[in-house]
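Novice: I'd like to go over a predicted model; first the sequence, then the structure.
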Amino acid sequence: MLARKSIIPEEFGLPGLASRLPRKPVFRDRVNKARFIAKNGSCNLAHKNIREQGRFLQDVFTTLVDLKWRFTLVIFTTTFVSSWLLFAMSWWLVAFAHGDMDPERQNETHCVTDVKSFISAFLFSIEVQVTIGFGGRMITEHCPAAITVLILQNIVGLIINAVMLGRIRMLCLRCFLTFLLTC
């Protein structure tokens, strides 16, 4: 059978009128939208299949990236001061073992010149690690132990600087991504 035609045109029928009515705007709830980085800067990532107890100790760099700034500054300040103190003790021991602190040996060759106390060894340790230059305190070529300590302190200082700069770079990248995602 054929369909029956109506006297009223289709656009004036119920389906046609309903399609022309203005619709209410549908507001979507922003809470349901998943973000990688929240507006407050925290990461909304869930680590799966990872033991949560030892996760931070297994990956030190990621732990440093996830820490707050105040903890990061405390950790790096403590790391720098500890390395300066450790190598100040090393410089003091090298000078003491070589006899540089003996007041009767003023005309003989020294391992490290002008290191006469732990304070001067500490200042020399800072000069070596941050490469601000050598004034009166410097090593001489007469002592292989001093050359070895110098090489070790430079390597340790470079590692500390690399980790710190990597941490700052990752934090800047996170801030930049947060800025882009919130715009």
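Specialist: Sure, I can see it. Numbering: from 1, shown residues only.

Novice: For this protein, which segments count as helices?
Specialist: 14-20, 55-58, 60-66, 69-98, 118-129, 144-182 (DSSP state H).

Novice: ok, now which ones touch residue 114?
Specialist: 120, 136, 137 (CB atoms under 8 Å, 6 or more residues apart in numbering). C-beta coordinates here come from the backbone N, C-alpha and C atoms, glycine included.

Novice: Would you list the buried entries among these?
Specialist: Neighbour-count burial (16 or more other CB atoms under 10 Å) is assigned, among those, to 120, 137.

Novice: Make TSV from the contacts of residue 114 and add pLDDT to it.
Specialist: Formatted as TSV, the contacts of residue 114 follow (pLDDT from 0 to 100):
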residue	pLDDT
120	89
136	76
137	78
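
Novice: picking up where we left off before, so of the helices of the chain, which one's packed in deepest?
Specialist: helix 118-129 (a mean of 19; mean count of other CB atoms under 10 Å).

Novice: and that one, what other elements does it pack with?
Specialist: Under the contact definition 3 or more CB pairs under 8 Å, 6 or more residues apart in numbering; DSSP states H and E, helix 118-129 sits against helix 69-98, helix 144-182.

Novice: so where is this protein shaky, pLDDT-wise?
Specialist: When residues are selected by pLDDT under 70, those of the chain lie in 1-37, 41-61, 105-107, 132-134, 183.

Novice: Quick check: residue 91 touching residue 110?
Specialist: No: using CB atoms under 8 Å, residue 91 is not in contact with residue 110, being 11.8 Å away.

Novice: Quick one: residues in contact with stretch 139-150.
Specialist: Here stretch 139-150 has contacts from 87, 90, 91, 94, 97, 98, 109, 110, 111, 112, 113, 128, using CB under 8 Å, 6+ apart.

Novice: Just send these back as TSV, with distance to residue 72 too.
Specialist: Shown next, in TSV, are the contacts of stretch 139-150 (distance: CB to CB, whole Å):
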residue	distance to residue 72
87	23
90	27
91	28
94	33
97	37
98	39
109	44
110	39
111	37
112	33
113	37
128	25
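
Novice: Now do the contacts for residue 109.
Specialist: Counted by CB under 8 Å, 6+ apart, residue 109 has contacts 140, 142.

Novice: Quick check: it vs residue 151, distance?
Specialist: Noted for residue 109: a distance of 20 Å to residue 151, by CB to CB, to the nearest Å.
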